[in-house]
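Asks: Turn this into a structure:
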Amino acid sequence: MPRKKAPRGIGGAPITAFYWMVVPAVAAFAFFHTLPVLVGMFFSFTNYAGYGDWRFVGLSNYINLFRDDRAIGAYLFSFGFAIVATILTNVIALLIAMGLNAKIVGRNFFRGVFFIPYVLAILIVGYVFQYMFSNSLPKILAGIPVFRDNILTNPDWAWTAIVVLAVWQACAFAIIIYLAGLQTIPQELYEAASLDGASAMTQFRSITFPLIGAFFTINMVLSLKGFLQVFDHIVALTNGGPGTATESVTLLIFKGGFAGGEFAYQTANAVIFFIVITVISLVQFRFLQSREADF
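Replies: Alright, predicted model coming up:
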């Protein structure tokens, strides 16, 4: 009887070769990611401080979080910051991308320049911005009351400095996504619209924005998710201050979990935050995706 041939994959390679490539990656992911997550979720039901003995406390950590004014304040700050930064990032990035998609001199050069913030270490850049806000701006803009003193020490305005840094850095990636979307639009549509007498605004509303709806969805979801997890920007500029005025959820988890003896308590906070981000991202994605055809 003829021997059965072994199943073949892409390019005729034996299917077992793909398992040899996938299984080690899955095992490494499970060991370095999934297992620590499960261990952390286990400890969230204890009173473990990160050292010493511990015992089960059930849902006490989760219940206490809803009574914790500091945690609630961190959530409110994170959401307020994320909403403002997401809107600014996508508006600015889309405008710049449209400019970079036009036929201008040095277009490729400017595309490279605007992408530079994405590849820079945000902590290092953050300390540069910190020097600017605390030393340079008070001298340059001394006539403006808000900037007369160090804005980073102002509990009412320190968050704006974080927004500036975060948007400046996030726009670089968003611009690339929007550029990719703009380049998929046939130029014939614009030529036909021009012949019909459509203005630039009408072309944007009727052609550009509807056809980059999918790219807009991606940028909105990624931006909001990333800004909700803001950490490096705050560490570099304010470290959560003044007081707790700019303390985000991720910074609170780090401070309490690793330096405050609240390992289990902040692990419970991290679990809740993970669920919140996941739900918001899914809802946002489904809503924006359903609206793409109507844009």
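
Asks: what about the helices in the stretch 1-150 of the chain?
Replies: Remark: helices assigned in the stretch 1-150 of the chain by DSSP state H, counting those that start in this stretch are 15-29, 35-43, 60-65, 69-101, 107-119, 122-131, 137-140, 145-148.

Asks: quick one: which of those helices is nearest G213?
Replies: Nearest to G213, of all the helices of the stretch 1-150 of the chain, is helix 69-101, at 12.1 Å by C-beta to C-beta. Just so you know, the C-beta spots here come from the backbone N, C-alpha and C atoms, and that holds for glycine as well.

Asks: chain center to the closest one: distance?
Replies: 9 Å (C-alpha atoms, centre = their mean, to the nearest Å).

Asks: can you give me the mean pLDDT across that helix?
Replies: The predicted model assigns helix 69-101 a mean pLDDT of 96.

Asks: tell me which residues of that helix are tucked away?
Replies: Within helix 69-101, the residues that count as buried by 16 or more other C-beta atoms under 10 Å are 71, 73-75, 77-79, 81-82, 84-86, 88-90, 92-94, 96-98, 100-101.

Asks: For F258, grab the count of nearby residues.
Replies: For F258, the count of nearby residues is 12 (other C-beta atoms under 10 Å).

Asks: Now it. Nearest residue, chain neighbours left out?
Replies: If the residues on either side of it in the chain are set aside, F258 comes closest to G50, at 7.3 Å by C-beta to C-beta, 6 or more residues apart in numbering.

Asks: could you point out which element follows the one helix or strand in the chain whose mean pLDDT sits lowest?
Replies: For the chain, the helix or strand with the lowest mean confidence is helix 145-148, at a mean of 82 (criterion: mean pLDDT, DSSP states H and E). As assigned by DSSP states H and E, the chain's next helix or strand after helix 145-148 is helix 158-182.

Asks: Could you point out which residue ranges in this protein have low pLDDT?
Replies: 1-14, 292-295 (pLDDT under 70).

Asks: At the geometric centre of it, which residue sits there?
Replies: Centroid check for the chain by C-alpha atoms, centre = their mean gives G226 as the closest residue, at 1.3 Å.

Asks: can you give me the offset of stretch 61-73 from its chain's centre?
Replies: Per C-alpha atoms, centre = their mean, the centroid offset for stretch 61-73 relative to its chain is 24 Å.

Asks: How far does it stretch from one end to the other?
Replies: End-to-end distance of stretch 61-73 (C-alpha to C-alpha, to the nearest Å): 17 Å.

Asks: Please name the nearest non-neighbouring residue to I72.
Replies: Leaving aside its chain neighbours, I72 sits nearest to F66 (7.8 Å; criterion: C-beta to C-beta, 6+ apart).

Asks: Kindly report the same for A97.
Replies: Closest residue to A97 apart from its sequence neighbours, by C-beta to C-beta, 6+ apart: Y178 at 3.6 Å.

Asks: residues contacting that neighbour?
Replies: In this structure, Y178 makes contact with A93, L94, A97, M98, I212, F215, F216, N219, judged by C-beta atoms under 8 Å, 6 or more residues apart in numbering.

Asks: Most widely separated two among these?
Replies: Across the contacts of Y178, the longest distance by C-beta to C-beta is 13.8 Å; it joins M98 and N219.

Asks: Look up phi and psi at E262.
Replies: Phi and psi for E262, reported as degrees, to the nearest 10, are phi -120, psi 40.
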